[in-house]
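I would like the atomic coordinates for the input below:
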Amino acid sequence: MADKNTTRDYIFLELTRSLCPVCKKVVDAQVRARGKKVYMFKRCLEHGAFEGIISSDIDNYRSSLAFNKPGQLPAACAAPIKNGCPDDCGICPDHQQHTCLAVMEITDSCNLSCPECYAGKAGSKFLDLAAIDFMLDQYVKAEGHPEVLQISGGEPTMHPQLFEIIKSAQSKNIHYVMLNTNGVKIAQDEAFAQKLAKTGIELYLQFDGFGHDVYASLRGGPQVWEMKQKALEAIARYRIPTTLVATLAKGVNENEAGAIVDYAIKNRFIRGITFQPIAHIHNTAGFDPMDRLTLPDVIMAVEAQTKGIFKAADFFPLPCSYPTCCSLTYAFIKDGVTTPITRKLEIGNYLDYISNRIITTPAGILRSALEGLWSASATLSAPKVLKDFNCVCGLNFSPGILNELKENILRIVIKPFMDAYTFDLKRAMKCCIHVLRPDGKLIPFCVYNNLHRGKG
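Model (predicted):
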């Protein structure tokens, strides 16, 4: 028994629920601060105790909580409240946010073998058009006016009816359609790239950095680097608006963040970057949950490696999801000068929902514009997003300003998805990125990856 005067080596911050990394049962979890870092501790009755880091900066973790926007109800729910979260996904009436962005996986087949793929081992299934049409109708039913659909997989470009699927999605009452891809098909088939450009969609291109070593480690082979270069050349040739999506792994490519930002600044067909600190969903061999990249680590890497073009203070949490889920910023690029949006406006004065519960015009107009930008549904080709950016920056409006903005805005998003070591039920309950399933249900992305993937 410890002496009654013995002090614990951590501060107890809060109680949540998480997952046992072994059996995936839901268990109680403590969020603890030790020094400047934040950890999650949990105990499974069968498999024992587990601890893992969830944030390297307690100040970032605590300050982000003020950026917690009230959730929006969906038009319809597809599952009743029965066993409680996370078992009732569909989504159920207890879910705290509607679907800002739905991910529709049209195949489990893939032409790469990435060791850390969310989808796990590649398969050979392709959804047929009738099933996809049903899924899209259910998305419309759930949202009324769905904002964004991302067509994904597996590798969706392998689907033999991809262009029919894109056309079907665009014919529905869905504002914007995007395509997640590794770029292999684009690099190999010029006609395919040209046809893709004519669809008017945006690309989310898997891109983890520069050089053979990065891709040998993360994507299964050094030859992938040559393929990425060819894909980017084709995308640039046909001016397909693209977001680079970089999985960052500690000791592998966190030092590539600045180079990726620099590349995006210099190549204006690239509209955004999404940095995703690696989530260990399937492959945990050799993984130390106490030593991993967290959201503040990436923010600091961007600041250090861009030599202050972007600073830590430029990044603010995404209020529509749980605010510890994601941070982002925007910049305007003109005449070789990159100006983060935060140099034009004190963002925190408008998106701090704890301090500023009541905001009136004209501040309300700015808050509304910022909410449009700080949303998971914001796509940089959307006129509304461009108008919101124009409003926030106070640029002189002219008939051609929206086209100019389209070519000169850069968004940087940092989004660490959850695995069993970092799974936090309160984050899952306010998730706004949902996987659209063949039965029409919408399941929060991290819930799906950890509890439903591979179960049909």
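
And the strands in the stretch 151-300 of the chain?
176-181, 202-206, 242-248, 270-277 (DSSP state E, counting those that start in this stretch).

Export those as CSV, with columns for mean neighbour count, mean pLDDT and distance to residue 66.
Using the backbone N, CA and C atoms, a C-beta is placed for each residue, glycine as well. CSV is the format used below for these (neighbours: other Cβ atoms under 10 Å; pLDDT from 0 to 100; distance: least, Cβ to Cβ, whole Å):
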stretch, mean neighbour count, mean pLDDT, distance to residue 66
strand 176-181, 23, 96, 29
strand 202-206, 22, 97, 29
strand 242-248, 24, 97, 26
strand 270-277, 22, 97, 23
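
now the ones you listed as a markdown table including distance to residue 317?
Below are these laid out as a markdown table (distance: least, Cβ to Cβ, whole Å):
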| stretch | distance to residue 317 |
| --- | --- |
| strand 176-181 | 22 |
| strand 202-206 | 21 |
| strand 242-248 | 19 |
| strand 270-277 | 15 |
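
Mind jotting down where the strands sit in the stretch 1-150 of the chain?
Using DSSP E, counting those that start in this stretch, strands in the stretch 1-150 of the chain cover 11-19, 26-34, 37-44, 48-55, 101-105, 148-152.

Which of these sits closest to residue 425?
strand 11-19 (3.9 Å; Cβ to Cβ).

what angle sits between the closest one and strand 37-44?
Orientation check (axes from the mean of the first three to the mean of the last three Cα atoms, to 10 degrees): strand 11-19 against strand 37-44 gives 50 degrees.

I'd like to know how many residues surround residue 288.
11 (other Cβ atoms under 10 Å).

where does it land on pLDDT?
On pLDDT, residue 288 comes in at 94.

quick one on the thing from earlier: which one of the strands of the stretch 151-300 of the chain lies nearest to residue 27?
Between residue 27 and the strands of the stretch 151-300 of the chain, the tightest spacing by Cβ to Cβ is seen for strand 270-277, at 23.2 Å.

what lines up beside that closest one in the sheet?
strand 242-248 (parallel), strand 409-414 (parallel) (DSSP bridges).

For it, which outside residues touch it?
Residues outside strand 270-277 that contact it (Cβ atoms under 8 Å, 6 or more residues apart in numbering) are 202, 204, 241-249, 257, 260-261, 263-264, 292-295, 297-298, 302, 380-381, 406, 409-417.

hmm, which of the residues you listed are the buried ones?
202, 204, 241-249, 257, 260-261, 263-264, 292-295, 297-298, 302, 380, 406, 409-417 (16 or more other Cβ atoms under 10 Å).

What helices and strands are in contact with the least confident helix or strand in the chain by mean pLDDT?
The helix or strand of the chain with the lowest confidence, counting by mean pLDDT, DSSP states H and E, is helix 401-408 at a mean of 79. Secondary-structure packing of helix 401-408 (3 or more Cβ pairs under 8 Å, 6 or more residues apart in numbering; DSSP states H and E): strand 327-334, helix 383-393.

how about the strands of the stretch 1-150 of the chain in CSV, adding mean pLDDT and mean neighbour count?
Below are those laid out as CSV (pLDDT from 0 to 100; neighbours: other Cβ atoms under 10 Å):
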stretch, mean pLDDT, mean neighbour count
strand 11-19, 97, 17
strand 26-34, 98, 18
strand 37-44, 98, 20
strand 48-55, 98, 18
strand 101-105, 97, 23
strand 148-152, 97, 23
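
phi, psi of residue 447?
Backbone geometry at residue 447, expressed as degrees, to the nearest 10, gives phi -70, psi -40.

need the contact list for it.
Residue 447 neighbours (Cβ under 8 Å, 6+ apart): 86, 89, 428, 431.

quick one on the thing from earlier: the strands of the stretch 1-150 of the chain: which one's closest to residue 435?
Nearest to residue 435, of the strands of the stretch 1-150 of the chain and by Cβ to Cβ, is strand 101-105 at 5.0 Å.

rewinding a little: off-centre distance for the least confident helix or strand of the chain?
24 Å (Cα atoms, centre = their mean, to the nearest Å).

same thing with stretch 19-30?
Here the centre of stretch 19-30 is set off from its chain's centre by 23 Å, with Cα atoms, centre = their mean.

what does that stretch contact?
Contact with stretch 19-30 is made by 12-18, 40-44, 46-47, 50, 86, 284, 289, 419-421, 423-425, 450-451, as judged by Cβ under 8 Å, 6+ apart.

Output that stretch as CSV, nothing but the C-alphas.
Listed next in CSV are the C-alpha coordinates belonging to stretch 19-30 (Å, rounded to 0.1, in the frame of the first residue of the first chain):
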residue,chain,number,x,y,z
LEU,A,19,-11.5,0.2,-27.0
CYS,A,20,-9.3,-2.7,-25.8
PRO,A,21,-6.6,-2.9,-28.5
VAL,A,22,-6.8,-6.7,-28.3
CYS,A,23,-10.5,-7.7,-28.2
LYS,A,24,-11.9,-4.3,-29.3
LYS,A,25,-14.4,-4.3,-26.4
VAL,A,26,-15.6,-0.9,-25.2
VAL,A,27,-13.9,-0.1,-21.9
ASP,A,28,-13.6,2.9,-19.5
ALA,A,29,-10.6,5.1,-20.2
GLN,A,30,-8.9,7.9,-18.3
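
just to revisit the earlier point, which of the contacts of residue 447 fall in helices?
Those of the contacts of residue 447 mapping onto helices are residue 428, per DSSP state H.

Looking at the contacts of residue 447, spot the one nearest residue 196.
residue 431 (29.1 Å).

Can you tell me how far the residue nearest to residue 321 when sequence neighbours are not counted is from residue 278?
Counting by Cβ to Cβ, 6 or more residues apart in numbering, residue 432 is the residue found nearest to residue 321 once chain neighbours are left out, at 5.0 Å. Using Cβ to Cβ, to the nearest Å, we find residue 432 at a distance of 22 Å from residue 278.

More neighbours: those two, which one.
Set residue 432 next to residue 278 and count neighbours by other Cβ under 10 Å: residue 432 wins out with 26 against 22.

Quick check: phi and psi on that one?
Given degrees, to the nearest 10, the pair of backbone angles that residue 432 has is phi -120, psi 10.

do the same with the one 5 residues further on
In this entry, residue 437 is assigned phi and psi values of phi -100, psi 160 (degrees, to the nearest 10).

out of everything not next to it in sequence, what's closest to it?
Using Cβ to Cβ, 6+ apart and skipping the chain neighbours, the partner closest in space to residue 437 is residue 443 (6.3 Å).

and that neighbour, how many neighbours?
When neighbours are counted by other Cβ under 10 Å, residue 443 comes out with 26.
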